[in-house]
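Quick one: sequence and predicted model below, then my questions.
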Amino acid sequence: MHGKAGVWLLNTGHAIDHMFLLIFATAVTAIASDFGLTRWEELMPWSTLAFFLFGVGSLPAGRLGDLWGRRPMMIVFFVGIGAAAILVSLAQSPLQIALALGLLGAFAAIYHPVGIPMLVRGSPRPGWTLGVNGLAGNLGVALAAVVTGFLVKYLGWRAAFAIPGLFAIGCGITFAFLARDDGPAPARRTPLQAEVPQGMFLRLFVVMTLAATSGSLLFNFSTNGNYELLRERLAAVTADPSILGLLLAAVYAVASIAQLVVGRLIDRFPLKPLYLTVIALQIPLLALAAFADSWLLYALQLLFMVAIFGAIPFTEAMIVRYVDDSMRSRVAGMRLTVSFGASSAAVWLLGPLVREVGFAALLLLMAAIACCTLFTVAWLPPAPVQDKAG
């Protein structure tokens, strides 16, 4: 277990991770205007490198977390992502912003395979711990909307990167002084769980990776596109970026509570039926949102984000149930490399797709992706091994 300071900082790190990856999506209209581009869609593909490195960087990050240690890797995460955000604020062209965002994505890759296993190690209620951590991460998504909206309005888009960057560096320094040393590197610890049979592990890994990939596609399509979706469908209500940011932050804040509910349920009930139920809810909500406008669209956006956020804890819960702590970061890193790397295509496709066919087609595509997730999760082993101590 970790001290309260360590737990708070680890959860804060999840908020920082998701917030920083979405500052660009919220500020993209202002950045495009500053760079002389006529449409935000032209600039959106330049952020693809950040999400690609966020994925592929998970493999070396997970390996280093297990073999070198999770605490030093988290210090690197906080300081590195903060410094990278400051570099983004100094960019003078789309190419420079793409490279700086790529560096930010590389440091962001550290959190999930390192921070989450560090947090759940020894937790008596891993589902609840994951739910709280997921809530923190998605509150970071909400902060990206509201904080960026206000900073862009009053201080400009560069401050929207620089000020959070300084905060992250401060968190890294605090973490170095206050977070407890978590002992030997995980790979050198004595295993506490029975080894999962190879056939079951391969099946689990395939299901976990495919489900996480489709889930990450939905997460990236929604969180990177929601602001512009609201701007288009609520144009008759408001065009004020700070108001839109508040509305979207409210969606994320409410939707994030679903993670606490799901985390509590994971500790009490079998994983598979819960996972299938949450995924099944995504399909009709996304399909209906494709044809909705104004406040009806806003209500449906809130509901489908509840379902998308509610699905997030399940893949981490599978790792906790099946994989010993001594190798969780490496397994998470392998899964995240595939899922986040593949889902980075969502960021590259978002702008061109919306420009060519509109948000209605995007939302219908997301409903189809949710169908694929449902079929994948149906192959999940029905009786996961319970986590014993790790």
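Here it is on my side, so go on. Here the structure is a predicted model, which means the values were calculated and not measured.

Where do the helices of the stretch 1-150 of the chain begin and end?
Using DSSP state H, counting those that start in this stretch, the helices of the stretch 1-150 of the chain run over residues 4-34, 48-56, 58-67, 70-89, 94-108, 116-120, 126-154.

I'd like those laid out as CSV, including distance to Ala311 and mean pLDDT.
(Glycine included, C-beta is placed from N, CA and C.) Shown next, in CSV, are the helices of the stretch 1-150 of the chain (distance: least, C-beta to C-beta, whole Å; pLDDT from 0 to 100):
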stretch, distance to Ala311, mean pLDDT
helix 4-34, 15, 88
helix 48-56, 18, 84
helix 58-67, 19, 82
helix 70-89, 24, 94
helix 94-108, 20, 94
helix 116-120, 16, 83
helix 126-154, 10, 84
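
Would you reformat those as JSON lines and include distance to Phe269?
Formatted as JSON lines, those follow (distance: least, C-beta to C-beta, whole Å):
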{"stretch": "helix 4-34", "distance to Phe269": "24"}
{"stretch": "helix 48-56", "distance to Phe269": "31"}
{"stretch": "helix 58-67", "distance to Phe269": "29"}
{"stretch": "helix 70-89", "distance to Phe269": "29"}
{"stretch": "helix 94-108", "distance to Phe269": "32"}
{"stretch": "helix 116-120", "distance to Phe269": "18"}
{"stretch": "helix 126-154", "distance to Phe269": "9"}
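
most tightly surrounded among those?
helix 116-120 (a mean of 26; mean count of other C-beta atoms under 10 Å).

So which elements touch it?
helix 4-34, helix 70-89, helix 126-154, helix 313-322, helix 328-377 (3 or more C-beta pairs under 8 Å, 6 or more residues apart in numbering; DSSP states H and E).

what's the spacing between stretch 353-371 and its chain's center?
20 Å (C-alpha atoms, centre = their mean, to the nearest Å).

Leu247 contacts Tyr298, doesn't it?
Yes - between Leu247 and Tyr298 a contact is recorded at 6.8 Å, counting by C-beta atoms under 8 Å.

Show me whatever sits in contact with both of the two.
Residues touching both Leu247 and Tyr298 (C-beta atoms under 8 Å, 6 or more residues apart in numbering): Leu230, Leu234.

Relative to Ala162, which of the helices of the stretch 1-150 of the chain is closest?
Checking the helices of the stretch 1-150 of the chain against Ala162 by C-beta to C-beta gives helix 70-89 as the closest, at 4.0 Å.

picking up where we left off before, what would the helices and strands packed on helix 116-120 look like in CSV with distance to Arg203?
Below are the helices and strands packed on helix 116-120 laid out as CSV (distance: least, C-beta to C-beta, whole Å):
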stretch, distance to Arg203
helix 4-34, 28
helix 70-89, 28
helix 126-154, 21
helix 313-322, 10
helix 328-377, 11
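
Let me know which of those helices is the nearest to Leu59.
Leu59 lies closest to helix 328-377 among the helices and strands packed on helix 116-120, at 4.2 Å (C-beta to C-beta).

ok, Ile23 - contacts?
Ala85, Val88, Ala144, Thr148, Ala160, Phe161, Pro164.

Hmm, I typed the wrong one, I wanted Asn133.
By C-beta under 8 Å, 6+ apart, the neighbours of Asn133 are Leu10, Asn11, His14, Ile116, Leu119.

of all those residues, which two lie farthest apart?
Once C-beta to C-beta is applied, the contacts of Asn133 give Asn11 and Ile116 as the farthest pair, at 10.1 Å.
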